[in-house]
Every structure is written in C-alpha cells, then in structure tokens.
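In: My questions concern the predicted model and sequence given below.
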Amino acid sequence: MRQEAIRLLQSGKTVVLVPTMGYLHEGHLALMREGQKHGDALIVSIFVNPKQFGPAEDLQRYPRDLDRDMTLAESVGVDVVFAPEARAMYEEGFQTHVDLELLPRHLCGPSRPNHFRGVATVVAKLFNIMRPQVAIFGEKDYQQLAIIRCMVRDLSFGTRIIGVPTVREPDGLAMSTRNTYLSEDERRSALSLSESLQQAQKAVAEGISDSADLTRSTSGLIGSYPHTRIDYVALCDPDTLEEVDRVDGPTLMALAVRVGGTRLIDNAILKPIED
Ligand code: PAF
C-alpha cells in the first residue's frame, strides 16, 4: 500500500483517504463522494480495528462483507481499497500508541476506556502508510473527529481533515453499521435520539438556555421509549468538549444511549437565538 501511495503521490495526484471499518452504508458513501471533490486518487481503508474495541464490546460480532464493500466502493469511483489483516497492522511486539490528554476524558471516553487511543493509533498508522493530503470523517462520531483534528495538529501530520454532516434515514435515525443489530421494536426506540435532539434544538431556539433543564427534558423523552438506557446526555463546548451550564453560543449536544444491547450515539450543534 505504501508503494502504491508513493506512486500516486509521485504522479502528481492528490491522495484522499476515507478510513472505515467496512460494512459500508450510505453514510460512508457520502464520505467517499465528498472525498472525490478534494483530490484525484481516492483511497478507502476497510479495517475493523481491534484496538478500539473493549473486551466486552462487539469486535467478533461486528458485521463484515468485503465483496459487497468492494462493489459499493467501485460504484462511487474509489480508486484503491486497502483492507489489511489485523496481524499486518499490529505485528508481534507492537507497543506504540497515540494518547491524547484531554479530549478523551469527556463523552464516550469514560465508558469506553482505550477506545480513542485505539482510534488515534490506527488513524496515525493509516496516515503514515498512505500519506494522504486529505482525509474525510463523519460528524456523527463528533468526538472522534475532534480527536483526529487535534492529533493531526499536535503531531504535524499535514493532512487536511474534512468533516461530513451525518447522513440520516428518512425518519431521522443517524446511519450506523450498528443499526443492523436493532430489532424492529428497538429500531423504533432508536428514533428517540434524533427526536430528542430536534426537541432540544427547538427549545434552544425558543430561548431555553439552562443546560440542566435541557438535559432533563432530553433524558425524559429518551426514557419514555422502551428498551432505552442513557449512557450520557451532554451539553458541551464544541471545541474542548467540556460541559457547559448554559447554551450561550453554538453548543454541542451529544447523546449515547443503549437501545436493547446496542450502544448508539448522535449529536447536534444547538444554536441559541441571536440578540
Ligand atoms: O469511524 C470509524 O469507522 C473508525 O473509528 C475509524 C476512523 C475507521 C478508525 O478505525
């Protein structure tokens, strides 16, 4: 892969990377279509990264279908698919990791220890292998995107990071590979995430700014659906991810909810009315 990347670079191409864990859906294809706009050699990596899964998480169960992924990638004009084996990415004796100090302390960090260390490490490796000028990530994984932007800045990767808005099903559910785990009943309850974000957006637009009030009504709505268990409902600074008491400017509302056995996340930037 490195030789192919060097060849592309030497032939004057702008290399764009879309890192994924495969089992592609319309959300991934939107990242690839965005990628097309920013360069002329589009690489997609497909790698279910064991380092970002906790011991009790769904690494074994995570859906995989490389043939289907290849067909989908080809349909949107991807030039190269890089799908390494885990033992090629993490050779015996592997011991170097990328750890960020502050951003992983918030939101998903406490309930998924080492997750972001796994993400930052694999993305750093992918960047070192392919040296992309541009890389594309989804805004659904807001904290991941913030962490990658910070890592790229701190470690001077020189890769331009582009975030793409969340792609949703017609009824509002944010697209995610993990939606495939949901039963019909759970699928209905999963709508509580997007619905409560909309409710919060409306409340903020109507002048409600107290974080405690907003999180209480959001938790109430999610809890009114069966099969839901809230991991967090947070209002935070969109850059530092630190929690805020009031929505005085653009504020990130981030949610993580277990629906049945599936942990789902979603988020929105809430904007108060201008004075
Ligand atoms: O968002 C994902 O699919 C993964 O976390 C990523 C960025 C491909 C790293 O494994």
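Out: Ah, there it is.

In: Thr177 and Met21 touch, don't they?
Out: Yes - Thr177 lies in contact with Met21 (C-beta atoms under 8 Å); the separation is 7.0 Å. Where you see a C-beta, it was placed from the backbone N, CA and C, and this is true even at glycine.

In: Are there residues contacting both of these two? Which ones?
Out: Tyr62 (C-beta atoms under 8 Å, 6 or more residues apart in numbering).

In: which residue does the stretch 151-275 of the chain bring closest to the ligand?
Out: Thr177 (8.0 Å; C-beta to the nearest ligand atom).

In: give the contact list for the residue nearest to that residue when sequence neighbours are not counted.
Out: Spatially, and ignoring its direct neighbours in sequence, Thr177 is nearest to Tyr23 (4.7 Å; C-beta to C-beta, 6 or more residues apart in numbering). Residues near Tyr23 by C-beta under 8 Å, 6+ apart: 62-65, 68-69, 177, 180.

In: residue contacts, Thr96?
Out: Contacts of Thr96 by C-beta under 8 Å, 6+ apart are Thr121.

In: and it, what are its phi and psi?
Out: phi -110, psi 130 (degrees, to the nearest 10).

In: Please apply the same query to Phe94.
Out: Here Phe94 shows phi and psi, under degrees, to the nearest 10, equal to phi -60, psi 130.

In: Any stretches of the stretch 151-275 of the chain with poor pLDDT?
Out: For the stretch 151-275 of the chain, the stretches flagged by pLDDT under 70 are 275.

In: quick one: is stretch 40-51 near the ligand?
Out: Yes - against the ligand, stretch 40-51 shows contacts by C-beta under 6 Å from any ligand atom at Asn49.

In: That stretch: which residues count as buried?
Out: 41-49, 51 (16 or more other C-beta atoms under 10 Å).

In: How many residues are close by the nearest residue to Pro113 once chain neighbours are set aside?
Out: Once flanking residues are discounted, Pro113 sits nearest to Gly54: 6.9 Å by C-beta to C-beta, 6+ apart. Using other C-beta atoms under 10 Å, Gly54 has 13 other residues around it.

In: before we move on, the earlier item: list the ones among the contacts of Tyr23 that fall in helices.
Out: 68-69 (DSSP state H).

In: Return the residues of the protein in contact with the ligand.
Out: Near the ligand, when you scan the chain using C-beta under 6 Å from any ligand atom, you find 19-21, 49, 52, 119, 122-123, 141, 144.

In: swap the cut-off to 8 Å and go again
Out: Within the chain, the positions near the ligand by C-beta under 8 Å from any ligand atom are 19-21, 45, 47-49, 52, 118-119, 122-123, 126, 137-138, 141, 144, 148, 177.

In: wait, is Lys202 part of a strand?
Out: No - read with DSSP: H, G, I helix; E, B strand; the rest coil, Lys202 is helix and lies in no strand.

In: follow-up on the earlier one: can you flag which of the residues of the chain next to the ligand belong to helices?
Out: 118-119, 122-123, 126, 144, 148.

In: Grab the two from the residues you listed that are most spread out in space.
Out: Taking C-beta to C-beta as the measure, these span a maximum distance of 13.4 Å, between Leu126 and Gln144.

In: so Ile273 makes contact with Ile208?
Out: No - with contact defined as C-beta under 8 Å, Ile273 does not reach Ile208; the gap is 10.3 Å.

In: Nearest residue to the most centrally placed residue in the chain in space, please, no chain neighbours.
Out: Closest to where the C-alpha atoms of the chain average out (C-alpha atoms, centre = their mean) is Asp141, at 2.4 Å. Once flanking residues are discounted, Asp141 sits nearest to Ile265: 7.2 Å by C-beta to C-beta, 6+ apart.
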